[in-house]
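Student: Following is a predicted model, sequence given first.
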Amino acid sequence: MSFIEPTENYASAQEVAGALVTLSSANKARLRYAAHLRSIGLIGVSWEDLLSEAAARALSGTRRWPKDVPFVAFMMQTVRSIASEEWHRLSTRGETLESDLQATDDNQEGSVLAEIVLDTVTPERVAQARSALREIEGLFIDDPDALSVFRGLALGHSPEETQVQAGMSAVSYASTQRRIRRTLANHFAEKR
Amino acid sequence: MNHHTLDYENLTKLLFSLEEETLKIPDTEAVTTLTAGRNGVDDVTRLISAELFKQQDNSAAHVAQVSSKVRPRRSVTTKSEADVALLRRILMARPELSPQLHAVLSAGGTPGAQEVERLISELMRKGMFSRDE
């Protein structure tokens, strides 16, 4: 016998399965892109691993989907959380085991929408992060506007702040964003 | 960009912002831009289908396992009956833990499964009750 928590706010396994099956093409594209983004800098963990694990956790109930959160946003958050765990493992142990992807219980109350707390930023993590950033920046070395947008995003600036600092119009900012998405997506496609 | 000014926090902010953007763009742009000419939708479908298939396998296996466990055999005390018997002993000694359930049991009645479950869970949380599988 096990304790049964109130589940009215969370989707059942059947509802999760239904949401996965009925994901729109646009949301599948968003998930694929997000998983690719989060796999940057990870060693031995592909975007497919991240997405598969996210689906597995959602289906098994290890990670529960609050019904008031859009499913694609929930899945992206789950991918982010798994990637964060991997960053932590890489920086603290220097290796990742396949078994580490299994049965991580992050189903504690209140943690569903919260990032897993990984507040120890080690020198190794900083080095990994810099390497990952270099990988992204390398794609835009000839695109100063894209690098300005990246810098703004990385520093937490608003689009307006970045536009002022970089001397960009709102239109050119939006155009740069689209160019970034397209270039990253092409890069991800080539990595397959 | 000055690499030395960027660290893990910056990377996190950058990736988070890029992710969030994808939720704001129109569906048509998401399909055409984010898949970059490849069939990125199909490979996600394949991944998800694989997980669903595994889940179905697990469910089937799980159902079979549970079925074999819960099928009661005559002359053998079921787990549920054992729980109630144990609860009866606990509540006779500590009726204040659940006066209502104590009253039901004292009168020779059978408490509802949910009531039993709720009390056992509470007792387990308090470290007053444990059970081996």
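Tutor: Sure thing, it's come through. Numbering: from 1, shown residues only, chains lettered A, B, ... in the order given.

Student: Please, which helix or strand holds B:Gln100?
Tutor: helix B:99-106 (DSSP states H and E).

Student: Can you tell me the SS state at the residue lying closest to B:Ala30 once chain neighbours are set aside?
Tutor: With sequence-adjacent residues excluded and distances taken as CB to CB, 6 or more residues apart in numbering or on different chains, B:Ala30 is closest to A:Ala26, at 4.0 Å. The C-beta positions use only the backbone N, C-alpha and C, and glycine is treated the same way. Each residue gets one of three states, and A:Ala26 gets helix by DSSP: H, G, I helix; E, B strand; the rest coil.

Student: these two touch, right, A:Ala26 and B:Lys24?
Tutor: No: judged on CB atoms under 8 Å, A:Ala26 makes no contact with B:Lys24 at a distance of 11.9 Å.

Student: Settle it for me: which of those two has more neighbours?
Tutor: Of the pair A:Ala26 and B:Lys24, A:Ala26 is the one with more neighbours under other CB atoms under 10 Å in any protein chain shown, namely 21 against 9.

Student: Distance of that one relative to B:Thr33?
Tutor: As judged by CB to CB, to the nearest Å, A:Ala26 and B:Thr33 stand 10 Å apart.

Student: repeat for A:Arg64
Tutor: 31 Å.

Student: Check what pLDDT A:Asn107 gets.
Tutor: A:Asn107 carries a pLDDT value of 41.

Student: which ones are touching the residue nearest to B:Ala30?
Tutor: Taking CB atoms under 8 Å, 6 or more residues apart in numbering or on different chains, we find A:Ala26 in contact with B:Asp27, B:Thr28, B:Ala30, B:Val31.

Student: Could you tell me which of the residues you listed count as buried?
Tutor: B:Ala30, B:Val31 (16 or more other CB atoms under 10 Å in any protein chain shown).

Student: In a markdown table: the contacts of A:Ala26, plus secondary structure, distance to A:Val164 and pLDDT.
Tutor: Output for the contacts of A:Ala26, formatted as a markdown table (DSSP: H, G, I helix; E, B strand; the rest coil; distance: CB to CB, whole Å; pLDDT from 0 to 100):
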| residue | secondary structure | distance to A:Val164 | pLDDT |
| --- | --- | --- | --- |
| B:Asp27 | helix | 31 | 91 |
| B:Thr28 | helix | 31 | 88 |
| B:Ala30 | helix | 29 | 88 |
| B:Val31 | helix | 33 | 86 |
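
Student: tell me the domain ranges of chain B?
Tutor: What automatic domain parsing lists as the domains of chain B is B:8-36, B:39-71, B:79-125.

Student: so where's the chain uncertain?
Tutor: You didn't pick a chain, so chain A it is. Along chain A, the parts satisfying pLDDT under 70 run over A:1-8, A:90-122, A:125, A:191-192.

Student: not quite, I wanted chain B
Tutor: B:1-7, B:36-40, B:55-84, B:86, B:89, B:126-133.

Student: Please, where are all the helices along it?
Tutor: With DSSP state H, the ranges of helices along chain B come out as B:8-24, B:27-34, B:40-70, B:79-93, B:99-106, B:113-125.

Student: Next, work out how far apart A:Ala19 and chain B are.
Tutor: Distance of A:Ala19 to chain B, computed by CB to the nearest CB, to the nearest Å: 10 Å.

Student: what sits against that residue?
Tutor: A:Ala11, A:Trp65, A:Phe71.

Student: Give me the phi and psi angles of the closest residue in space to the first one that isn't next to it in sequence.
Tutor: It stands for A:Ala11. Nearest residue to A:Ala11 in three dimensions, chain neighbours excluded: A:Trp65, at 4.3 Å (CB to CB, 6+ apart). The phi/psi pair for A:Trp65 (degrees, to the nearest 10) reads phi -90, psi 110.

Student: Tell me how many other residues crowd A:Trp65.
Tutor: Quick note: A:Trp65 (other CB under 10 Å) scores 25 neighbours.

Student: What of the one 10 residues further on?
Tutor: For A:Met75, the count of nearby residues is 28 (other CB under 10 Å).

Student: What's the first helix or strand after the stretch of helix or strand it belongs to?
Tutor: A:Met75 belongs to helix A:71-93 when elements are defined using DSSP H and E. Using DSSP H and E, the helix or strand that follows helix A:71-93 in sequence is helix A:123-138.

Student: Packing partners of that next one?
Tutor: Other elements packing on helix A:123-138 under the criterion 3 or more CB pairs under 8 Å, 6 or more residues apart in numbering or on different chains; DSSP states H and E are helix A:71-93, helix A:144-154, helix B:8-24.
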